[in-house]
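Colleague: predicted model and sequence below, questions to follow.
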Amino acid sequence: MKKRTLQRGLSGFWWLTLVFLYLPLAVVVFFSFNAANSAARFTGFSLRWYERLLGNEQIISAFWNSLVLAIVSSVIALAIGCLIGYGMYRHRHRKLGWLIVLIYLPIVLPDIVFGISEMAFFVSVHRHTGLLQPGLLTMIISHVTFQIPFVALIVYSRLVGLDPTLFEAAKDLYATPVKRAWHFLLPTIKPALISAFFLSFTLSIDDFVISFFTSGPESATLPIYIWGAIKKGVTPEINAIAALMIGAVALAAMLSLLFNRQGQR
Amino acid sequence: MAETLQIAFRGKAVVSESRHLLLSVSPGAIWIVVFLVLPSLYLMAVAFMTNGPYGLPQMPLTLDAFEQLAGFGFLGWSPGNLYTLLRSLWQTFLATVLVVIVAYPIAYYITTCREKWRAIMLLLVVVPSWTNQVIRTFGWMNLLAPGTPLSDAAQMLGLIPPNMGLYPSNFAVTLGLVYNFLPFMVLPLYAAFEKLDTAQVQAAQDLYASPVRAFWHAVFPQTLPGLLAGTVLVAIPAFGMYVIPELLGGGKGMMLGNLVANQFAGGSNWPLGAAGAILMLIATFIGLFAMRRIGKRLGGGEEVVI
């Protein structure tokens, strides 16, 4: 009897928490269809903010910047991180403490310290050499820096989970290391590579602080554009663009669920 | 094992193994050293430099930035920065405690549900954190603005003066922090609850322990590693938070992250910002170290990943 009341209470608390988690997002989506420019009163359904979006060149260019930044940085991080992950696995019996420290550094460093370190560094390098002007390039470099550890750790944990005798068998089957990598290693860690790529991509799209401090005047991403608009107090289209981004996340969540289901079967 | 023995017997192979290590690891290691270790060291150096005309650091070396950080300025000592530091500590503490209070029952509840629902429930908890931080915070600005139902209700209860919103305020910052970090606590706690050894609970009940005692002695210690891991994941990023206090806090809700960032974003005083960053790093490492010590003392500290 007592147990049942506890369970019922917990269930109620669960639904309450879900409301808490989704209310802010729901409000943004709801008011993106508002006919009036207000976040307090809903006057009628309209798509005018979405129409305004399409005509806003700054938003379109911010969208492309976000996309290019996420894709390019994820590809570079995948290549570099995959190599480290493999190196860590192959030489796991050695003392690699220094490497572990290096890999954890981007993870434990507070975002803001990360961002301003990069900014101070890029600005100084640019002042002395003319290279690395703050812009898309410096943003890509910073994003790769915080993506590498995640790729390396995912690849490493996939390799550790494999049966070590597989590697012996591969050695017997394929003569050269290149062939071994191509025909055995890459296909085996493919799931890890895919999830590492998606994680890197998400981390990049999600990031605001580090992008904010390493961007130049021409390289604003969507979050940076939204931030600027909120700060200036011009927010009518913000609900619409934010709603689209929330929609993209919802879609990604469905896909990951579907993917999981298939993986279980 | 066999592999290492084999290698030890062949001198040539050892050389090529070392070269292999170098080739595979060095691109990433060099990348992190050049693009993160060097910049951080440079930032630390900046803290000891003089503030130049455009906020850019100059020689000679001084401790001015640290004096400014401690509150000493042209007009004598002012407590502003000290308040900011204390506020950061307090907000971090409060948010972490509140997150634990919400996450603990949620994590437990998920483990009691049917297995096929659990993955979906966890996903539901995590998905909001996939959206951009700026957007999530903007959502709260919409909810807490003047004239919204929540603000009106708070006015009726007399919590805030009429025609005001619930933001900007310290309350809004705490709320934003709890919202932001809830999933980071639910996940490790869920992992702890899922591994829970129910035989211990059974034993406690068989020995006529009251439910409270049974919980305290049989359940709570088992979830402690998850709790510690969650605390690391919540408290450390919360302490350095920039976006939430900037948007929801206003001038009186500033945290250390804003103090640091404003010196760079406004371009006004790099050395002061760098000194603040050093303070933040020291606090971060003290926090990590303390959690590790606590984790080790209580045993089962392997859950604390860092």
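Modeller: Alright, I've got the coordinates.
Colleague: state the mean pLDDT of the host helix or strand of residue B:264.
Modeller: If you go by DSSP states H and E, residue B:264 is part of helix B:256-265. Averaging pLDDT along helix B:256-265 yields 86.
Colleague: not counting its neighbours along the chain, what's nearest residue A:27?
Modeller: residue B:142 (4.8 Å; CB to CB, 6 or more residues apart in numbering or on different chains). Backbone N, C-alpha and C define where each C-beta goes, glycine included.
Colleague: now do the contacts for that neighbour.
Modeller: Residue B:142 is in contact with A:24, A:27-28, A:31, A:39, A:239, B:148, counting by CB atoms under 8 Å, 6 or more residues apart in numbering or on different chains.
Colleague: got a pLDDT number for it?
Modeller: 86.
Colleague: against which helices or strands is the helix holding residue B:264 packed?
Modeller: Contact here means 3 or more CB pairs under 8 Å, 6 or more residues apart in numbering or on different chains; DSSP states H and E; on that basis helix B:256-265 packs against helix A:111-129, helix A:209-214, helix B:80-112, helix B:270-298.
Colleague: how confident is the prediction for the residue of the stretch 201-306 of chain B found nearest chain A, by pLDDT?
Modeller: The stretch 201-306 of chain B approaches chain A most closely through residue B:240 (3.2 Å), counting by CB to the nearest CB. pLDDT recorded at residue B:240 is 89.
Colleague: over to residue B:300?
Modeller: 50.
Colleague: how about residue A:196?
Modeller: pLDDT, residue A:196: 91.
Colleague: so where is the chain shaky, pLDDT-wise?
Modeller: In the absence of a named chain, chain A is used. For chain A, applying pLDDT under 70 flags the ranges A:1-2, A:38-41, A:175, A:234-235, A:262-265.
Colleague: actually chain B
Modeller: B:1-15, B:54-55, B:74-76, B:267, B:299-306.
Colleague: tell me the centre residue of chain B?
Modeller: Against the mean C-alpha coordinate of chain B, by CA atoms, centre = their mean, the closest residue is residue B:237 at 2.1 Å.
Colleague: the residue of the stretch 51-200 of chain B found nearest chain A and residue B:103, how far apart?
Modeller: Residue nearest to chain A within the stretch 51-200 of chain B: residue B:139 (2.8 Å; CB to the nearest CB). In this view, residue B:139 and residue B:103 are 20 Å apart by CB to CB, to the nearest Å.
Colleague: what does residue B:213 give?
Modeller: Counting by CB to CB - residue B:213 and residue B:103 are separated by 23 Å.
Colleague: check whether stretch B:45-56 contacts chain A.
Modeller: Yes: applying CB under 8 Å from any CB of the partner chain, one finds that stretch B:45-56 is in contact with chain A at B:46, B:56.
Colleague: just the buried positions in that stretch, please.
Modeller: For stretch B:45-56, the buried set under the neighbour-count rule, 16 or more other CB atoms under 10 Å in any protein chain shown, comprises B:46-49, B:51, B:55-56.
Colleague: among the residues you listed, which are located in strands?
Modeller: residue B:51 (DSSP state E).
Colleague: so which pair among the buried residues of stretch B:45-56 is furthest apart in space?
Modeller: B:48 and B:55 (15.9 Å; CB to CB).
Colleague: which residue, other than its chain neighbours, is closest to the most centrally placed residue in chain A?
Modeller: In chain A, the residue lying closest to the centroid (CA atoms, centre = their mean) is residue A:203, at 1.6 Å. Nearest residue to residue A:203, sequence neighbours excluded (CB to CB, 6+ apart): residue A:147, at 5.9 Å.
Colleague: ok, and what's touching the helix holding residue B:264?
Modeller: Residues outside helix B:256-265 that contact it (CB under 8 Å, 6+ apart): A:110, A:112-113, A:115-116, A:119-120, A:212-213, B:55, B:81, B:84-85, B:88, B:239-242, B:245-246, B:249, B:268-270, B:272-274, B:276-277, B:279-280.
Colleague: tell me the buried residues within those residues.
Modeller: By 16+ other CB under 10 Å, those give A:110, A:112-113, A:115-116, A:119-120, A:212-213, B:55, B:81, B:84-85, B:88, B:239-242, B:245-246, B:249, B:269-270, B:272-274, B:276-277, B:279-280 as buried.
Colleague: what packs against the helix or strand harbouring residue A:27?
Modeller: Assigned by DSSP H and E, residue A:27 belongs to helix A:2-31. When contacts are defined as 3+ CB pairs under 8 Å, 6+ apart, helix A:2-31 packs onto helix A:238-264, helix B:80-112, helix B:115-126, helix B:133-144, helix B:170-194.
Colleague: any idea which helix or strand comes after it?
Modeller: helix A:48-55.
Colleague: to the chain's geometric centre, what's the distance from that following helix?
Modeller: 26 Å (CA atoms, centre = their mean, to the nearest Å).
Colleague: do the next helix or strand after it and chain B meet at all?
Modeller: With elements assigned by DSSP H and E, the helix or strand that comes after helix A:48-55 is helix A:57-90. Yes: applying CB under 8 Å from any CB, one finds helix A:57-90 touching chain B at A:80-81, A:83-84, A:86-88, A:90.
Colleague: what does stretch A:255-264 give?
Modeller: Yes: using CB under 8 Å from any CB, stretch A:255-264 reaches chain B at A:256-257, A:260.
Colleague: just give the closest residue to residue A:44, not the sequence neighbours.
Modeller: Among residues not flanking residue A:44 along the chain, residue A:35 sits closest, at 4.0 Å (CB to CB, 6+ apart).
Colleague: actually, residue B:164.
Modeller: Using CB to CB, 6+ apart, the closest residue to residue B:164 is residue B:146 (6.0 Å).
Colleague: so that neighbour: helix, strand or coil?
Modeller: At residue B:146 the chain is in coil, as set by DSSP: H, G, I helix; E, B strand; the rest coil.
Colleague: so it makes contact with residue B:161?
Modeller: No: if you go by CB atoms under 8 Å, residue B:146 and residue B:161 don't touch, sitting 10.5 Å apart.
Colleague: neighbour-wise, which of those two wins?
Modeller: residue B:146 (16 against 7; other CB atoms under 10 Å in any protein chain shown).
Colleague: would you list the phi and psi of the more buried one?
Modeller: phi -60, psi 140 (degrees, to the nearest 10).
Colleague: based on its surroundings, how many neighbours for the residue nearest to residue B:48 when sequence neighbours are not counted?
Modeller: Distance criterion CB to CB, 6+ apart; nearest residue to residue B:48, sequence neighbours excluded, is residue B:61 at 4.9 Å. Other residues lying near residue B:61 total 11 when counted by other CB under 10 Å.
Colleague: I'd like the distance between residue B:61 and residue A:151.
Modeller: Taken as CB to CB, the span from residue B:61 to residue A:151 is 39 Å.
Colleague: now residue B:78
Modeller: On the measure of CB to CB, residue B:78 and residue A:151 end up 46 Å apart.
Colleague: quick one: which of the two has more around it?
Modeller: residue A:151 (29 against 11).
Colleague: could you pull up the residues touching that one?
Modeller: Residue A:151 neighbours (CB under 8 Å, 6+ apart): A:77-78, A:80-82, A:84-85, A:196, A:199-200.
Colleague: quick revisit: for the nearest residue to the residue of the stretch 51-200 of chain B closest to chain A once chain neighbours are set aside, give me its contacts.
Modeller: For residue B:139, ignoring the flanking residues on the chain, the nearest one in space by CB to CB, 6+ apart is residue A:24 at 2.8 Å. Applying CB under 8 Å, 6+ apart, we find residue A:24 in contact with B:128, B:136, B:139-140, B:142-143, B:179.
Colleague: in these, find the pair that's most separated.
Modeller: Checking the contacts of residue A:24 with CB to CB, the most distant pair is B:128 and B:142, at 14.8 Å.
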